[in-house]
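Peer 1: For reference, the sequence and a predicted model appear below.
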Amino acid sequence: MIYKAILALSLCFFSVPLWASYALSIGNYVQNEAESVCTKLSAHGYSAYVLYGRPSCEVRVGSFQSVKEALKSADKLKVEDKLVAAVVEEQEIDQAQFGWNANENGRSIDENAPGSYSDPKARKIVSLGLALFGRPYKYGGTSKTNGIDCSYFVQYIFKELCESLPRTAREQIKVGHEVDIPDLRVGDLVFFKKTYYLKKKDGKKAGSYTRVNHVGIFIGNGEFMHATTNVKHVTISRLNEKYFRERFAGARRVLK
């Protein structure tokens, strides 16, 4: 029996080590079922997490440094939890896995927004973001029809500006040079981080680590534009919102 998740969003992202290469895919579920499965596996001592997407979310367990290690855990899952898991190569997890309500914390792009910018490059950045309005979010997505994630959103816009960027937020934060918040300009990249907690089988914490997991584009007036899992379209949020303020990881200037 799958128990209803109570604190699924806080429990399901605590163990994806930086050095791992493989994970176990448990399957795809609707969001509430995925969170329930994740909570159940976590209670059994597995390092489970959810990859949020639309219309389904994938539950994974891991990470593992070798296929052999992953298969050993898969056998254990099959015997103890009656779950069949597939070994997959672990992907970069850089999309925003936020728990806030989009209706309260995000707003849609104003259709007249591009015209309010005097700088041609700034107008193009906002226009390109507006062109993606209504596109679905999808983890790892690179299709404007089927869905995109946050780092592809940024990569796509900068490609249109003739600037080449890496695919993931954790690589994008290494590009350009660091910028302090008071010095931000339209087009600067803003990054956010998440802390992951490792747990023992008895549920006690066994350490933690923090890494970049989201990126957006600053558009002035303390706001940034980004694609996020909890919103079906490109959204504008404020840097001084509590959620983002507490998770701010830095800003980089790529555009000359």
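Peer 2: Now that the structure is in, tell me what you want to look at.

Peer 1: wait, is residue 219 part of a helix?
Peer 2: No - applying DSSP: H, G, I helix; E, B strand; the rest coil, one finds residue 219 to be strand, outside a helix.

Peer 1: Where do the helices of the stretch 51-200 of the chain begin and end?
Peer 2: Using DSSP state H, counting those that start in this stretch, the helices found in the stretch 51-200 of the chain span residues 67-80, 102-105, 120-131, 150-160, 169-172.

Peer 1: now those in a markdown table, with mean pLDDT, distance to residue 190 and mean neighbour count?
Peer 2: No exception for glycine: its C-beta is placed from N, CA and C like everyone else's. Shown next, in a markdown table, are the helices of the stretch 51-200 of the chain (pLDDT from 0 to 100; distance: least, CB to CB, whole Å; neighbours: other CB atoms under 10 Å):
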| stretch | mean pLDDT | distance to residue 190 | mean neighbour count |
| --- | --- | --- | --- |
| helix 67-80 | 89 | 35 | 15 |
| helix 102-105 | 40 | 15 | 13 |
| helix 120-131 | 85 | 13 | 18 |
| helix 150-160 | 93 | 10 | 22 |
| helix 169-172 | 91 | 10 | 22 |
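
Peer 1: would you list those helices in TSV and tack on distance to residue 40?
Peer 2: Putting these into TSV (distance: least, CB to CB, whole Å) gives the following:
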stretch	distance to residue 40
helix 67-80	11
helix 102-105	27
helix 120-131	39
helix 150-160	29
helix 169-172	29
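
Peer 1: closest to residue 219 out of the ones you listed?
Peer 2: Residue 219 lies closest to helix 120-131 among the helices of the stretch 51-200 of the chain, at 6.0 Å (CB to CB).

Peer 1: can you tell which of the helices of the stretch 51-200 of the chain is closest to residue 42?
Peer 2: helix 67-80 (13.0 Å).

Peer 1: where does the stretch 1-150 of the chain have low pLDDT?
Peer 2: Along the stretch 1-150 of the chain, the model assigns pLDDT under 70 to residues 1-21, 50-55, 63, 90-116, 134, 137-139.
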